[in-house]
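Sequence and predicted structure, then a few things I'm wondering about:
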Amino acid sequence: MDIVQGFLSSTAFSMLSWGNLVMILVGLCFISLAILKEFEPLLLLPIGFGCIVGNIPSVAGMQIGVYDPGSVLSFIYFGVSKGIFPPLIFLGIGAMTDFSTMLSNPKLVLLGAAAQVGIFLTLIGALYLGFTPQEAASIGIIGGADGPTAIFLSAKLAPQLLGAIAIAAYSYMALVPVIQPPIMRLLTSRAERLIRMPALRQVSKRERIIFPIGAFLITALIAPGSITLIGMLCFGNLLKESMVTERLAATARSALIDIVTILLGFSVGASTQAQTFLRPQSLLIFGLGALSFAVATAGGVLFAKFMNLFLTDKINPLIGAAGVSAVPDSARVVQIVGRKEDPTNHLLMHAMGPNVAGVIGSAVAAGILWSVLAN
């Protein structure tokens with residue numbers, strides 16, 4: 001009996017709490033959404049399985065979990081907690097992103113900027129609820145729907161909230177097809193959703209090469225805190241557009257970004273141990289994150305309607321919703337909502353303009369917040 005009791009005490013069953021069971025169910029839910037609904041499977045499946053792994057209690061004296069110094073998972077999580085993985089993700093995004101849709105119609109950049117209003121309004125709301133300025137900034141950045149940016153900023157300003165912010169950011173990225181369409185339909189009329197936009201002009205190779213260099217110099221001088229993220233984004237894009245480093249660009253947008261996505265998603269999921277994750281603060285972060293994302297979507301749509309007051313060639317307000325940084329999912333949602341009204345109206349390429357502008361906008365916003373609140 002002593003041997004049996006010793007064996008039972010060495011298993012995780014003896015230390016499994018209701019909180020661990022809740023987080024394991026959350027992980028299973030994420031995996032189900034990834035497989036059955038195909039909601040951001042490249043993110044939700046690693047995060048979901050990481051949630052399961054992270055909530056299996058370890059025996060005293062065994063260094064296994066993310067927060068156990070010297071454990072394998074803690075070394076993987078180092079890339080998250082120190083902000084190493086997000087810039088590498090941005091390198092891959094830059095190498096796979098075509099900025100010509102934005103360059104062909106530069107005024108659409110304003111829609112990407114307008115969508116960032118959700119970040120700053122949520123920051124104010126978080127301050128009102130008692131969060132510190134650093135925590136409020138990290139929560140607000142969820143509205144950009146950019147997981148790597150949210151992880152990078154929270155790792156710098158509010159590492160104690162990193163797990164909840166990362167899960168919230170990636171959850172809302174995955175739920176773009178669910179959250180955005182009702183807001184888009186509510187704020188637009190059928191006539192507005194039927195607006196057709198003129199064909200985009202052809203962007204020269206010279207413009208595509210100059211853009212990442214010029215964009216980095218401008219944003220870095222305005223917001224030095226954005227150098228890491230914007231620098232890697234623009235570097236990856238230059239690898240792609242220069243046409244002389246195709247092998248490097250192909251590695252960045254395939255093998256590198258896939259490896260980092262696996263490690264980031266799994267370790268973020270594993271960081272959601274019930275003992276540190278299931279707190280009232282986490283629920284507030286999820287609520288504020290949803291508000292931030294909804295406000296960002298509405299801000300882009302409403303600003304497009306405002307621009308139409310002064311434009312001869314009207315903008316379809318739906319594309320304003322693509323101003324959030326969920327590339328390319330929010331642009332696809334614009335295409336889907338638009339084609340429900342008119343199957344022959346193709347908005348995808350137009351929506352990619354504010355979509356990629358939103359990536360830059362959220363990174364610049366994060367850089368400004370980091371520069372202001374770092375001390």
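Good, I have the coordinates.

okay, CA-based contacts and neighbour counts for the rest of this
Fine.

Ramachandran coordinates for residue 158?
The phi/psi pair for residue 158 (degrees, to the nearest 10) reads phi -140, psi 70.

Measure how buried residue 255 is and give me the count.
12 (other C-alpha atoms under 10 Å).

Need the phi and psi values for it.
phi -60, psi -50.

for residue 58, same thing?
Main-chain torsions, residue 58, degrees, to the nearest 10: phi -100, psi 150.

Just list the residues touching it, thanks.
With contact set as C-alpha atoms under 8 Å, 6 or more residues apart in numbering, residue 58 has these partners: 12, 64, 65.

The second one touches residue 71, doesn't it?
Yes: here residue 64 lies in contact with residue 71, judged by C-alpha atoms under 8 Å, at a distance of 5.2 Å.

Between those two, which is the more surrounded one?
Here residue 64 and residue 71 are compared on neighbour count by other C-alpha under 10 Å; more neighbours surround residue 64, at 19 against 15.

tell me the secondary structure for the more buried one?
Secondary structure, DSSP: H, G, I helix; E, B strand; the rest coil: residue 64 is coil.

Next, find the distance separating it from residue 56.
10 Å (C-alpha to C-alpha, to the nearest Å).

circling back: may I see the contacts of residue 58 arranged in JSON lines, with pLDDT as well?
JSON lines is the format used below for the contacts of residue 58 (pLDDT from 0 to 100):
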{"residue": "12", "pLDDT": "70"}
{"residue": "64", "pLDDT": "84"}
{"residue": "65", "pLDDT": "85"}
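
Tell me the buried residues in stretch 21-35?
Within stretch 21-35, the residues that count as buried by 16 or more other C-alpha atoms under 10 Å are 23, 24, 26, 27, 28, 29, 30, 31, 32, 33, 34.

does the nearest residue to residue 85 once chain neighbours are set aside sit in a helix, a strand or a coil?
Nearest residue to residue 85, sequence neighbours excluded (C-alpha to C-alpha, 6 or more residues apart in numbering): residue 79, at 5.3 Å. Three-state call for residue 79 (three-state DSSP): helix.

And the pLDDT at residue 79?
Predicted confidence (pLDDT) for residue 79: 94.

Quick one: neighbours of it, just the number.
Neighbour tally, residue 79, other C-alpha under 10 Å: 16.

Using a markdown table, lay out the contacts of residue 58 together with distance to residue 185.
As requested, those are exported to a markdown table (distance: C-alpha to C-alpha, whole Å):
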| residue | distance to residue 185 |
| --- | --- |
| 12 | 49 |
| 64 | 48 |
| 65 | 45 |
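
picking up where we left off before, ok, so of the buried residues of stretch 21-35, who is nearest residue 177?
residue 33 (12.3 Å; C-alpha to C-alpha).

Test my guess that the closest one contacts residue 46.
No: counting by C-alpha under 8 Å, residue 33 does not reach residue 46; the two are 11.9 Å apart.

which residues do the two both contact?
By C-alpha under 8 Å, 6+ apart, residue 33 and residue 46 have no common neighbours.

So which residues make contact with stretch 238-253?
For stretch 238-253, contacts defined as C-alpha under 8 Å, 6+ apart pick out 91, 92, 93, 94, 95, 96, 205, 208, 209, 212, 213, 236.

got it, and stretch 76-89?
By C-alpha under 8 Å, 6+ apart, stretch 76-89 touches 66, 148-149, 151-152, 155-156, 159, 162, 228-229, 232-233, 256-257, 260-261, 263-264, 267-268, 271.

how far does that stretch stretch from start to finish?
Terminal-residue distance, stretch 76-89 (C-alpha to C-alpha): 15 Å.

now do stretch 62-73
Stretch 62-73: ends 12 Å apart by C-alpha to C-alpha.

Work out the gap between that stretch and the centre of the chain.
Centroid separation between stretch 62-73 and its chain, computed with C-alpha atoms, centre = their mean, to the nearest Å, is 27 Å.

Which positions in that stretch come out as buried?
For stretch 62-73, burial by neighbour count (16+ other C-alpha under 10 Å) applies to 63, 64, 65, 66, 67, 73.

Output the lowest mean pLDDT helix or strand found in this protein.
When each helix and strand of the chain is scored by mean pLDDT, DSSP states H and E, helix 2-9 comes last, with a mean of 63.

So which elements touch the helix or strand that that helix is followed by?
Next helix or strand after helix 2-9 toward the C-terminus (DSSP states H and E): helix 18-32. Contacts defined by 3 or more C-alpha pairs under 8 Å, 6 or more residues apart in numbering; DSSP states H and E place helix 18-32 against helix 41-54, helix 274-277.

looking at those, which one has the lowest mean pLDDT?
Here the lowest mean pLDDT among the helices and strands packed on helix 18-32 goes to helix 274-277, at a mean of 84.
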